[in-house]
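Colleague: predicted model, plus sequence, below.
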Amino acid sequence: MADAGTVYVLGGIAVVFLLMCAPLYRRYVKTKDKPSLYFGITCLLWALAAIFGIVIAVATSLHYEALTVLFYRASTTSGMLAYLFAVLFAVAMTKNDAKRGVWLSSVAFFVITSIVWIVNPAIEGVVGGTTEFTLTSLYKAPYGLPLIETIIVSMVVLASFPIYLFLHGARVAEDRVVKMKSYLMSVGMVIASIAYSVEVTGAVPYTYMPVYRPMIFVGAFVMYFSFVTPKQLEKKIIGLTPMSEKVVKSFVEEFFIPEITPSTKVQRHAFAKTFGLNHQQRIGRRILLEFDPASHYEKVIRDFATEALANLEPIVVFTRRGSAIHSSLRERKTVKFFCLTQQVSAPKEFSENEMLLPSNDMSLMLDVFDKTLKAHPEGVVNVVFDSLSDLVLSVGFEKTYRFMRYAVEMLASPRNTVLFLLNQNAHDPKVASSLRGLFSDQVSFGKEGIQTVKLSKAAEVGKVET
């Protein structure tokens, strides 16, 4: 029979890795977050490597040497494939486009697995009821081709690229949480890579196995904990420091690249022409759009974004991930989303054009409004806020009304065009009337299409040279 202690330890490790997969899978299903997908596959493959370790112990107890060698090769391949997905995870996390590094890591993976499958490993002995293997080396028995040295060098090549990405990400990050996570991920990758290269090659005597084998799991867990750091701990690290102006500025300005050129008059006035205006007359308005959720109101927002981008103006959208507006505009990479969610307790950059914000922190939203305007001190800024109804249901009418008074005052500028959305079926008349009173421009969108409720005169709006 296989050694019970080995089976329990490897089984426990496999179970823990499988448990790690569950929240990563849920996160990917909800958000389509690629880092979660890649790291989830990494944990799954590490779990599979541990399961193959159990099977090796069983085959050893039954004296099936051929099966033992087969399962050793399968376990090693699964573990090395996990490291290759860890490279993809690092690339996705740091938003790096270094394809050369991925190809180099892939070559290193191919070299290691080719050696493991082509060359017959030597049996070093039976340790803890499990057959342990080694390969030929220039410095240890059995002497021969420098296969151990080649595997170690290849492992260094494979692991160096993600470690570099994490360290570089930590160095350039402005956010303290991102910096901490990046450093921890690099440390975890270093620990796991050193320990696993020893495990695969048998380069160190197996008397040290109780030291280096657990370090594989420790390194992997450090990476996992860094990626899914609990919100409360993140909040303690950040403290009460307001959102960095540099973070918002880089988000809404640095990556702004015009998606389309102003080729036709239709694009340049896609939204304004609906009300008998041109783009110049639209600038400077703060508009309340009351919508019927059963209608295709997202078309209006799409026209608003098209007009802004056709005139080479930045646009930021406050909404929920998965909302009708988010789904309609998410493919336009120059539309910047501030996604309101209860999943975070502090601002968190989610992708190149999406940043997550806590949905009930209105002071932070005002701070983001302010930083967004400061990121474009001279040009025209377009803002969409979806939706006031969610805010009323989340924090109550009084807090929402106070927030709106501050927001409307802050955004009152002849160079800002702001569109606030309100579900026309979600509130009693008093609430709706109070919110309407904050806007001089009001439109509605229902089953009959868009209708003008109230529109201020062009002279009252102010003019901006575009």
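Modeller: Received, thanks. Numbers count the residues shown, from 1 in each chain.
Colleague: do you know how far Ile325 is from Asn311?
Modeller: Distance of Ile325 to Asn311, computed by C-beta to C-beta, to the nearest Å: 20 Å. All C-beta atoms are positioned from the backbone trio N, CA, C, and that covers glycine.
Colleague: more crowded one of those two?
Modeller: More crowded of Ile325 and Asn311, by other C-beta atoms under 10 Å: Ile325, with 24 against 21.
Colleague: you'd agree Tyr452 is in a strand?
Modeller: Quick fix: residue 452 reads Thr, not Tyr. Yes - under DSSP: H, G, I helix; E, B strand; the rest coil, Thr452 sits within a strand.
Colleague: and for it, the neighbour number?
Modeller: Using other C-beta under 10 Å, Thr452 is surrounded by 12 other residues.
Colleague: ditto for Tyr206
Modeller: Neighbour count for Tyr206, taken as other C-beta under 10 Å: 18.
Colleague: ditto for Ala122
Modeller: 14.
Colleague: likewise Ser114?
Modeller: 11.
Colleague: sec struct for it, please.
Modeller: Three-state assignment for Ser114 (three-state DSSP): helix.
Colleague: quick one: it from Gly129, how far?
Modeller: Distance from Ser114 to Gly129, by C-beta to C-beta: 29 Å.
Colleague: quick one: the helices in the stretch 1-150 of the chain?
Modeller: Taking DSSP state H, counting those that start in this stretch as the test, the helices found in the stretch 1-150 of the chain are 4-31, 34-61, 65-94, 99-118, 147-172.
Colleague: pull out the buried positions in the first one.
Modeller: By neighbour count on 16 or more other C-beta atoms under 10 Å, the buried set for helix 4-31 is 6-7, 9-10, 13-14, 16-18, 20-21, 24-25, 27-28, 31.
Colleague: how about the third one?
Modeller: The neighbour-count check on helix 65-94 (16+ other C-beta under 10 Å) flags 68-94 as buried.
Colleague: any idea of the angle that helix forms with helix 34-61?
Modeller: Interaxial angle, helix 65-94 versus helix 34-61 (axes from the mean of the first three to the mean of the last three C-alpha atoms, to 10 degrees): 170 degrees.
Colleague: got the angle for helix 65-94 vs helix 99-118?
Modeller: Using the same axes, to 10 degrees: helix 65-94 against helix 99-118 is 170 degrees.
Colleague: same question for helix 65-94, mean pLDDT?
Modeller: Averaged over helix 65-94, pLDDT sits at 91.
Colleague: please renumber the chain so that the first residue is 24 from this point on.
Modeller: Got it, the first residue is 24 from now on, which makes the last one we talked about helix 88-117.
Colleague: distance from it to the middle of the chain?
Modeller: Offset of helix 88-117 from its chain centre (C-alpha atoms, centre = their mean, to the nearest Å): 24 Å.
Colleague: show me the shaky parts of the stretch 374-489 of the chain.
Modeller: 481-489 (pLDDT under 70).
Colleague: where do the strands sit along it?
Modeller: Taking DSSP state E, counting those that start in this stretch to define them, one finds strands in the stretch 374-489 of the chain at 377-381, 404-408, 439-446, 464-469, 472-477.
Colleague: elements contacting the fourth one?
Modeller: When you say that, I think you mean strand 464-469. Judged by 3 or more C-beta pairs under 8 Å, 6 or more residues apart in numbering; DSSP states H and E, the packing partners of strand 464-469 are strand 309-314, strand 472-477.
Colleague: the first one pairs with which strands?
Modeller: Sheet pairing of strand 309-314 (DSSP bridges) gives strand 439-446 (parallel), strand 464-469 (parallel).
Colleague: just the mean pLDDT for whatever helix or strand comes next after that strand, thanks.
Modeller: Per DSSP states H and E, the first helix or strand lying C-terminal to strand 309-314 is helix 321-333. For helix 321-333, mean pLDDT rounds to 90.
Colleague: same check on stretch 64-72?
Modeller: 93.
Colleague: if we go by neighbour counts, what in it is buried?
Modeller: Buried-residue list, stretch 64-72, by 16+ other C-beta under 10 Å: 64-72.
Colleague: turn those residues into CSV, including distance to Ala295.
Modeller: Listed next are these as CSV, based on distance: C-beta to C-beta, whole Å:
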residue, distance to Ala295
Ile64, 47
Thr65, 49
Cys66, 51
Leu67, 52
Leu68, 54
Trp69, 56
Ala70, 56
Leu71, 58
Ala72, 60
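Colleague: for stretch 232-252, output the C-alpha coordinates as PDB.
Modeller: What follows is stretch 232-252, C-alpha atoms only, in PDB (Å, rounded to 0.1, in the frame of the first residue of the first chain):
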ATOM      1  CA  MET A 232      12.600  17.100   0.700                       C
ATOM      2  CA  PRO A 233      10.600  18.100   3.800                       C
ATOM      3  CA  VAL A 234      12.100  21.600   3.300                       C
ATOM      4  CA  TYR A 235      11.900  22.300  -0.400                       C
ATOM      5  CA  ARG A 236       8.700  20.500  -1.300                       C
ATOM      6  CA  PRO A 237       6.500  22.500   1.000                       C
ATOM      7  CA  MET A 238       8.100  25.700  -0.400                       C
ATOM      8  CA  ILE A 239       6.400  25.100  -3.800                       C
ATOM      9  CA  PHE A 240       3.100  25.400  -2.100                       C
ATOM     10  CA  VAL A 241       4.200  28.400   0.000                       C
ATOM     11  CA  GLY A 242       5.400  30.300  -3.100                       C
ATOM     12  CA  ALA A 243       2.100  29.500  -4.900                       C
ATOM     13  CA  PHE A 244       0.000  30.600  -1.900                       C
ATOM     14  CA  VAL A 245       1.900  33.900  -1.600                       C
ATOM     15  CA  MET A 246       1.000  34.600  -5.300                       C
ATOM     16  CA  TYR A 247      -2.600  33.600  -4.700                       C
ATOM     17  CA  PHE A 248      -3.000  35.700  -1.600                       C
ATOM     18  CA  SER A 249      -1.400  38.700  -3.300                       C
ATOM     19  CA  PHE A 250      -4.000  38.400  -6.100                       C
ATOM     20  CA  VAL A 251      -7.100  38.000  -4.000                       C
ATOM     21  CA  THR A 252      -6.100  40.100  -1.000                       C
END
